[in-house]
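[1] Show me the folded form of this:
(chains A and B)
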Amino acid sequence: MKAFLTLVFLLLSSSIYATEQAEQLFNQLKPSLYQIKLIDKASGEKSSIGSGFQISADGIIATNYHVISSYALHPKKYRIEYLDSQGNKGDLSLQRVDVINDLALVSRTSQPDMPYFKLSKTTPQKGEQLFSLGNPHDLGMIVVPGTYNGLKKESFNDRIHFTGSINSGMSGGPVVNKQAEVVGVNVATSGNAIGFLVPHDKLVTLYKAFLTTAQGSIEEQMSEQLLANQEKLMSEILNSPWQAKQLGKQAIIPIIDVPFIRCWGDSNADKADALILTAIANCSLDENTYISSRFFTGSMEIEFRTMNAKNIGANKFYQLYQQQIAHAGASNRAGKDNVTEYQCHHDLVKPENNAINNKSIFCTRAYKKFPNLFDILYLSASIDKNKEALVSHFTVAGINQENSLAFTRKFMEAVSWK
Amino acid sequence: MEIKAISPQSMTMQNIATKETIPELIIEEVSKNYKLLHRHRLTKENIHIGRDYHNDVILADPHICPSHLSIEFIDGKWKIIDHQTVNGTFIENVKHKKHAANQYIIQDGDIITLGKSQLRMVFNNHQVSPTLAFSPFESFIDLMRHPIALFLSILLFTIVAGGVFYFNKPTEVNFSQLLVPAIGMTLGFTIWPAGVSLVSHLSKHDARVMTQLGVSFAFFNLMWFSDILETIVTFNSASNAILPMIIMLISIALAFSLFWLNSYIGFHMSARRRIIIAASITGLLFGGSYLVRYSNKPEFNPRPQYDATIMMPNFLVAPSSSVDSFIEDSSKLFDKTSKEAQKK
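    As a prediction, the model looks like this:
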């Protein structure tokens, strides 16, 4: 009984301690926290909200790119406004963006002795308690305690896995350790207290670049970053081992052995009345670079599908097979303002090893604002077996011509029959 | 045989003989667009035209006076005398514009207007158009109308329709499930020849239902065939190939021929007119379906439009390209889309 009481007391005291600490931190940091609003000039009302925090004495405020994305793309339509803890308002000007890591730097008019956040020099330990700050749903500034759970393994660009409730509107808010040093920036949530943060070192890099190098226009910065990111991604993919794996009874497909491409599988083996036995392997890059609410890029999807006719003739099999491949679409969202319509080329193609004969389709569309970036789509259907088929398909968003062709070539040569 | 050959000749001679003694005038009542309504052959020197019942040509048009005009044969010529009518009598021919017809000497083929009616004056030596020969399609039409041929082509159509349903159904189907859509489709396609027959019946021509059915189904079957041909050619060719386009022309030509034959069977009209009608229906069909597709086309399509035609290996005749040439051809798309992107 005594032991139990001690335990309860211990738990109680530690939770009281945590609450006190959070409150203390919050009061200490409050003056450098901002709510960031995008004001639509024509209506004078806010069109989106987020959070931000000051990182230098001269008024540089960090936030998420996606908080101010509408301004970055349509600077004439909006202005950026801040609201500080005392209720003061003022205009902000956009300085730098890092579209890959969803960061942006904005600046306010500087005043003497403005407090600001210090960026941590170390990464947290797994399990370390962190505090996320922000203004969820325009409800006022809050502090949310949570736990550091390392970097998300599957993501190509690092994200911290944070166990704690991050809600919309907190985007762009800082996450600090007990020493009140910034270790990350709120960026996304996948519900149920799973949150994602941009690691602080990305912010450090962006801030250093801002201080040292000259800056192009926001569009040029984005274009440069997107090109550099796809170059980095594709060189890693093209240089990593592609393992040949068997799919279904006869097909050989490549599995790209990198942690950030994850595969899932499915088949209809349980459906007794299906006319065609289908097995699907689907691999995708769990990455979606936000450009605007109607334009995402950076995603990649690979799909293989084997089909075996059960009790039907070749003619019917091919008819149904054709229906399966007739409606491929892009994996990323993009509209008329951002991309052209797709242009396609199709042909009958047999790789040099003669292992398969395909009808292959290659489609591409160009980005209107970012030169030399494209979305590509490839779809290939085997046409050399009467009652068996292999469909190989991929889409890549935001890739340049050279990498597109190199990837397509390597992919085409890696798909075959056993 | 000989007697028959001679008899028309002797009749002509008789005609010439009568012409010298008694004058003869043929008066045709024609509609606004010169369709023949009634024909009167009059062999007297004084012809009376009007609304009341003592006239030689009685017209019911209320705008015509009871005793409207008379035509008199004087010195071998026909002369119009208008009886000071309320609405007048007018003459219209190639040489003259419409003008009052009183005291006018009639020429062969003149059209006179009285009230709201029109009369054409024709002399008995009026030149008629040459005899129309039977079209070379006649034997084809005769063959297609034959009950056995008709039955076979409808059967073939139904079988192909059933086959199309069978091939496209992703689940297992039994025979009776195919029968309903196949017969339904056949009945649906029967509407066209039946409709043409109905129209020709209503426009006082022969309905010729069997012939219309036979010819139409023969062409429907040819259209199935051209569809299959088009699929095979598309399957075997790469992007931008010309051959599939040419094959598409076949189906247009088939549609034109069908409509031409429909109007040949159903209606009497000049060859030129028949071509115009067949061409307009073809244009309406293909142009209309193009317009529908064009108007449904969204301003921006986020999905790629590609040709996904595949067929079983037996239909594969073209050699395959290498990966290199495919990559090479695909690389051209980047320039094309980049140019498109720069356009504002």
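[2] Could you measure from A:Asn357 over to chain B?
    5 Å (C-beta to the nearest C-beta, to the nearest Å). Every C-beta, even on glycine, is put in place using the N, C-alpha and C of the backbone.
[3] could you list every residue that touches that residue?
    A:Leu348, A:Val349, A:Lys350, A:Ser382, A:Ile383, A:Asp384, B:Leu316, B:Ser320 (C-beta atoms under 8 Å, 6 or more residues apart in numbering or on different chains).
[4] at 6 Å instead, please
    Shown in contact with A:Asn357 (C-beta atoms under 6 Å, 6 or more residues apart in numbering or on different chains): A:Lys350, A:Ile383, A:Asp384, B:Ser320.
[5] can you tell me which of these are in helices?
    Counting by DSSP state H, no part of these is found in helices.
[6] Among the residues you listed, which ones are in strands?
    Assignment to strands by DSSP state E places none of the contacts of A:Asn357 there.
[7] Which single one of those residues is nearest to B:Asp110?
    A:Ile383 (72.9 Å; C-beta to C-beta).
[8] Number of residues surrounding that closest one?
    22 (other C-beta atoms under 10 Å in any protein chain shown).
[9] How much space separates it from chain B?
    6 Å.
[10] Reformat the contacts of A:Asn357 as JSON lines; add distance to B:Glu24.
    Below are the contacts of A:Asn357 laid out as JSON lines (distance: C-beta to C-beta, whole Å):
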{"residue": "A:Lys350", "distance to B:Glu24": "84"}
{"residue": "A:Ile383", "distance to B:Glu24": "79"}
{"residue": "A:Asp384", "distance to B:Glu24": "83"}
{"residue": "B:Ser320", "distance to B:Glu24": "81"}
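[11] how about TSV for those residues, with pLDDT and distance to B:Leu333 added?
    Listed next are the contacts of A:Asn357 as TSV, based on pLDDT from 0 to 100; distance: C-beta to C-beta, whole Å:
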residue	pLDDT	distance to B:Leu333
A:Lys350	93	21
A:Ile383	94	22
A:Asp384	91	26
B:Ser320	91	20
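[12] residues contacting A:Phe394?
    By C-beta under 6 Å, 6+ apart, the contact set of A:Phe394 is A:Ile302, A:Tyr378.
[13] and the one helix or strand it maps to, C-alpha only, in PDB?
    Element membership for A:Phe394, per DSSP states H and E: strand A:388-399. The C-alpha coordinates for strand A:388-399 follow below in PDB (Å, rounded to 0.1, in the frame of the first residue of the first chain):
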ATOM      1  CA  GLU A 388      -1.000 -14.300 -69.300                       C
ATOM      2  CA  ALA A 389      -0.100 -10.700 -69.100                       C
ATOM      3  CA  LEU A 390       2.200  -8.400 -67.200                       C
ATOM      4  CA  VAL A 391       1.400  -4.700 -66.800                       C
ATOM      5  CA  SER A 392       4.300  -2.400 -65.700                       C
ATOM      6  CA  HIS A 393       3.500   1.200 -64.900                       C
ATOM      7  CA  PHE A 394       5.000   4.100 -63.100                       C
ATOM      8  CA  THR A 395       4.400   7.800 -62.600                       C
ATOM      9  CA  VAL A 396       7.000  10.300 -61.400                       C
ATOM     10  CA  ALA A 397       6.100  13.900 -60.600                       C
ATOM     11  CA  GLY A 398       8.500  16.800 -60.900                       C
ATOM     12  CA  ILE A 399      11.500  15.300 -62.800                       C
END
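[14] Would you give the sheet partners of it, along with the direction of each?
    Neighbouring strands of strand A:388-399 in its sheet, by DSSP bridges, are strand A:300-309 (antiparallel), strand A:374-382 (antiparallel).
[15] if we compare these, which one ends up closest to A:Ile49?
    Among those, the nearest to A:Ile49 by C-beta to C-beta is strand A:374-382 (30.6 Å).
[16] Other residues contacting the closest one?
    A:325, A:328, A:330, A:356, A:358-366, A:389-397, A:404, A:408, B:304, B:310.
[17] pLDDT below threshold where in the chain?
    Here I'm looking at chain A. For chain A, applying pLDDT under 70 flags the ranges A:1-19.
[18] To clarify, I was referring to chain B.
    Applying pLDDT under 70 to chain B flags the ranges B:1-21, B:93-96, B:344.
[19] List the contacts of residue 224.
    All of this is about chain A. A:Glu224 touches nothing, counting by C-beta under 6 Å, 6+ apart.
[20] let's do chain B instead
    B:Val160.
[21] before we move on, what about B:Leu42?
    Applying C-beta under 6 Å, 6+ apart, the residues contacting B:Leu42 are B:Leu25, B:Asp56.
[22] Tell me how many other residues surround A:Glu20.
    Counted with other C-beta under 10 Å, A:Glu20 comes out at 10.
[23] and what of A:Asp270?
    6.
[24] ditto for A:Phe260
    19.
[25] ok, it touching A:Glu154?
    Yes - contact criterion C-beta atoms under 6 Å: A:Phe260 and A:Glu154 qualify, at 5.5 Å.
[26] I'd like the next helix or strand past the helix or strand where A:Gln246 lies.
    Following DSSP H and E, the helix or strand that holds A:Gln246 is strand A:242-247. Tracing the chain past strand A:242-247, the next element assigned as helix or strand by DSSP H and E is strand A:251-256.
[27] all helices for the chain, in order.
    Looking at chain A here, since you left the chain open. Using DSSP H, helices in chain A cover A:2-29, A:65-73, A:200-212, A:218-239, A:314-325, A:401-414.
[28] The chain in question should be chain B.
    Using DSSP H, helices in chain B cover B:2-21, B:138-145, B:147-168, B:175-202, B:209-236, B:243-266, B:271-296, B:323-342.
[29] which of those helices sits most buried?
    Highest mean neighbour count of the helices of chain B: helix B:209-236, a mean of 20 (counted as mean count of other C-beta atoms under 10 Å in any protein chain shown).
[30] quick one, that helix and helix B:243-266 angle?
    Interaxial angle, helix B:209-236 versus helix B:243-266 (axes from the mean of the first three to the mean of the last three C-alpha atoms, to 10 degrees): 180 degrees.
[31] and the stretch 201-350 of chain A, which residues reach chain B?
    Contact residues (C-beta under 6 Å from any C-beta of the partner chain) of the stretch 201-350 of chain A with chain B: A:314-316, A:318-320, A:322, A:325-326, A:329, A:336, A:340-350.
[32] which of the residues you listed count as buried?
    The neighbour-count criterion (16 or more other C-beta atoms under 10 Å in any protein chain shown) marks A:314-316, A:318-320, A:322, A:325, A:340-350 among those as buried.
[33] From chain B, how far off is the residue lying closest to A:Gly298 once chain neighbours are set aside?
    For A:Gly298, ignoring the flanking residues on the chain, the nearest one in space by C-beta to C-beta, 6 or more residues apart in numbering or on different chains is A:Thr289 at 3.5 Å. Per C-beta to the nearest C-beta, A:Thr289 is found 18 Å from chain B.
[34] Tell me what A:Thr289 is bridged to.
    Beta-bridge partners of A:Thr289, as defined by DSSP bridges: A:Thr297.
[35] Neighbours of it, how many?
    23.
[36] cool, A:Tyr71 as well?
    23.
[37] I'd like to know how far it sits from A:Leu38.
    6 Å (C-beta to C-beta, to the nearest Å).
[38] shared neighbours of those two, anything?
    Taking C-beta under 6 Å, 6+ apart as the criterion, A:Tyr71 and A:Leu38 both touch A:Tyr78.
[39] can I assume A:Leu119 is in contact with A:Gly184?
    No - contact status for A:Leu119 versus A:Gly184: not in contact, 10.2 Å apart, counting by C-beta under 6 Å.
[40] Looking at those two, which is more packed in?
    A:Gly184 (29 against 18).
[41] Who does that one form a beta bridge with?
    Note on A:Gly184: beta-bridge partners by DSSP bridges are A:Val175, A:Pro199.
[42] residues contacting it?
    By C-beta under 6 Å, 6+ apart, the contact set of A:Gly184 is A:Ile160, A:Val175, A:Leu197, A:Pro199, A:His200.
[43] Which two among those residues are spaced furthest apart?
    Every pair of those checked by C-beta to C-beta; the farthest is A:Val175 and A:Pro199, at 9.9 Å.
[44] Many thanks, have a good one.
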